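**Q** The following block contains a protein sequence and its predicted model.
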Amino acid sequence: MIAVIDYGMGNIHSVRKALESKGGRVRVTNSPSDIERADKLVLPGVGAFGDAMKELHRRRLDDAIRQHVARGRIFLGICLGMHLLFESSRESASATGLGILKGAVNAFRAERGLKVPHMGWNQIHFRRQECALFRNIASGSSVYFCHSYFPVPADAGCIAAQTDYGRLFASVIWQGNVYAMQFHPEKSQAVGLAIMDNFVRL
Amino acid sequence: MLTKRIIPCLDIKNGRVVKGVKFLGLRDAGDPVAAAMEYDRQAADELVFLDITASYERRKTLVRLVEKIAKNIFMPFTVGGGISGVSDIRDLLNAGADKVSVNTSAVGNPELIARASRKFGSQCIVVAIDARKRTSPGARGWSVYTHGGRTRTGLEAVSWARRAARLGAGEILLTSMDRDGTRGGYDIALTRAVCEAVTVPVIASGGAGTKEHFRDCFLKSRCDACLAASLFHYRELDIRRLKQYLKKNRIPVRIENAHRSHT
């Protein structure tokens, strides 16, 4: 069973529908005991880093997520769900992230003509082609982004793909059983659905 | 490289797609969900749904329609029309909209932009601006209209866009009322002026009639996306062909092939 965490941070139905369309058995949940039973865990989300951590903590989901990852089970973070894996964020200076990955979340700056948010279709360039999520997908494929912040992992080795927006940033992270992406696979049409298909098959 | 977006707009009235010529003389053109699925198939980059009668009738928005659309398509879409507060925005985002656009309510209460962007993130708050060139002697700039183009405000479009972006708008959806429905081309001067005033993405809207109009708007302004309605809706211009044309003209666009895409 794939548990998709619903913690009040935006729409989770598109994520659920996309996984189900690829044969995933999905449970949308905010219960730690559901998470304990899940083979795979998906943390979506849009909104502010600090608010999100507060919601996870209030529902005791933060520990449940850490335990899931510590057991070696598969985890996928999407957009804000990717940021929450890290230790801190420029977005909410006082908040502490899940700390599953070392590093921080930085902000794009609107300078030299760069528009913020980074919004629309941009390409993912693979650094680790062997990542299972990339099966049947070409490096350079376009996916849909909508964000003002991006993660900077302490260990660059976990960057599976990067994207160019004023600078290169980590758009897909893969470290063992932990996967995360900055873009929205559930909104990225055929390419996004292919990634979801790969995730369901992991 | 971030690509330029092509966005079909579906104007909604009573749950059906309509497109007004200069906001008058509405024609019925079909089922919104079927249209959305067709645009998904054509690899449109994004969709906008605007309930054009909602704010005039003070009607609450299209939560049920949004849910239906979100169940059927896997592409980003924005919903606007009649959104009066944070709870409306939450309902639409929870129903599956990626972004919500506010117009009349933001002019009436600019603080709504700040509150909503703090709560949900700038990236999902679009401020829609309907603008018409000021023509009285000595007047400069463009007037902002609300209530679906029925009410002229005292605001000037470029300075309103600047203020909206400062308050936290993540994107400006800029419609030229002078051009809307004319098919005479986008209002480049207006689009350029707003793009120079803000650092958030700008969607140009109103006046698209040919593929050259899209090219000109992208080349002559710094806009991020071009929106059109009837042109796509009556299939007078195919989105894939439009993108091939733009690509030939060195405008970065996304050309999608199922599992292998290159731009």
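**A** Yep, that arrived. Since this is a predicted model, take the numbers as computed values, not measurements. Numbering: from 1, shown residues only, chains lettered A, B, ... in the order given.
**Q** Now do the contacts for residue B:63.
**A** By C-beta atoms under 8 Å, 6 or more residues apart in numbering or on different chains, residue B:63 lies in contact with B:91, B:92, B:95. Glycine gets a C-beta too; all of them are placed from N, C-alpha and C.
**Q** sorry, that was for residue B:164
**A** Residues in contact with residue B:164, defined by C-beta under 8 Å, 6+ apart, are B:106, B:110, B:113, B:127, B:129, B:172.
**Q** can you check residue A:30 too?
**A** A:5, A:6, A:7, A:59, A:61.
**Q** Of those, which is the nearest to residue A:191?
**A** Set against residue A:191, the nearest of the contacts of residue A:30 by C-beta to C-beta is residue A:5 (23.9 Å).
**Q** still on that earlier bit, can I get the contacts of residue B:63 in a markdown table including distance to residue B:195?
**A** A markdown table is the format used below for the contacts of residue B:63 (distance: C-beta to C-beta, whole Å):
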| residue | distance to residue B:195 |
| --- | --- |
| B:91 | 31 |
| B:92 | 27 |
| B:95 | 31 |
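**Q** Pick the one among the residues you listed closest to chain A.
**A** Among these, residue B:95 lies closest to chain A (C-beta to the nearest C-beta), at 7.3 Å.
**Q** hang on, the earlier thing: near chain A, list only the ones from the contacts of residue B:63.
**A** Restricting those to those near chain A by C-beta under 8 Å from any C-beta of the partner chain leaves residue B:95.
**Q** Tell me the confidence at the residue lying closest to residue A:112 once chain neighbours are set aside?
**A** Excluding the flanking residues, the one nearest residue A:112 by C-beta to C-beta, 6 or more residues apart in numbering or on different chains is residue A:166, at 7.4 Å. Looking at residue A:166, its pLDDT reads 96.
**Q** ok, back up a step: among the contacts of residue A:30, which lie within strands?
**A** residue A:5 (DSSP state E).
**Q** quick one: which of the contacts of residue A:30 is most hemmed in?
**A** residue A:5 (27 neighbours; other C-beta atoms under 10 Å in any protein chain shown).
**Q** May I have the phi/psi pair for the closest residue to that residue other than its chain neighbours?
**A** Spatially, and ignoring its direct neighbours in sequence, residue A:5 is nearest to residue A:43 (5.1 Å; C-beta to C-beta, 6+ apart). The phi/psi pair for residue A:43 (degrees, to the nearest 10) reads phi -110, psi 100.
**Q** you'd agree residue A:43 is up against residue A:75?
**A** Yes - Residue A:43 is within contact range of residue A:75, at 7.3 Å (criterion: C-beta atoms under 8 Å).
**Q** What residues does residue A:106 make contact with?
**A** So residue A:106 contacts A:90, A:149, A:150, A:151, A:152 (C-beta under 8 Å, 6+ apart).
**Q** Can you list phi and psi of the first one for me?
**A** Okay, so that is residue A:90. The phi/psi pair for residue A:90 (degrees, to the nearest 10) reads phi -60, psi -30.
**Q** can you tell me how far it sits from residue A:164?
**A** 20 Å (C-beta to C-beta, to the nearest Å).
**Q** more neighbours, those two?
**A** Higher neighbour count among residue A:90 and residue A:164: residue A:90, with 16 against 13, using other C-beta under 10 Å.
**Q** and the gap between residue B:6 and residue A:121?
**A** Counting by C-beta to C-beta - residue B:6 and residue A:121 are separated by 10 Å.
**Q** before we move on, what about residue A:73?
**A** According to C-beta to C-beta, residue A:73 and residue A:121 sit 32 Å apart.
**Q** Report the rounded mean pLDDT for the helix or strand where residue B:89 lies.
**A** Using DSSP states H and E, residue B:89 maps to helix B:86-94. Averaged across helix B:86-94, the pLDDT comes to 90.
**Q** who touches it?
**A** By C-beta under 8 Å, 6+ apart, the surrounding residues in contact with helix B:86-94 are A:10-11, A:46, B:60-63, B:66, B:79, B:82-83, B:100, B:102, B:112, B:115-116, B:119-120, B:124-125.
**Q** Restricted to buried residues, select the contacts of residue A:106 in ChimeraX.
**A** What follows is the ChimeraX syntax selecting those of the contacts of residue A:106 that are buried according to 16 or more other C-beta atoms under 10 Å in any protein chain shown:
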select /A:90,149,150,151
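**Q** Save the contacts of residue A:106 as TSV, and put in distance to chain B and secondary structure too.
**A** Shown next, in TSV, are the contacts of residue A:106 (distance: C-beta to the nearest C-beta, whole Å; DSSP: H, G, I helix; E, B strand; the rest coil):
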residue	distance to chain B	secondary structure
A:90	14	coil
A:149	9	strand
A:150	12	strand
A:151	16	strand
A:152	19	strand
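**Q** and which of the contacts of residue A:106 is nearest to residue B:139?
**A** Nearest to residue B:139 among these, with distances taken as C-beta to C-beta, is residue A:149, at 41.0 Å.
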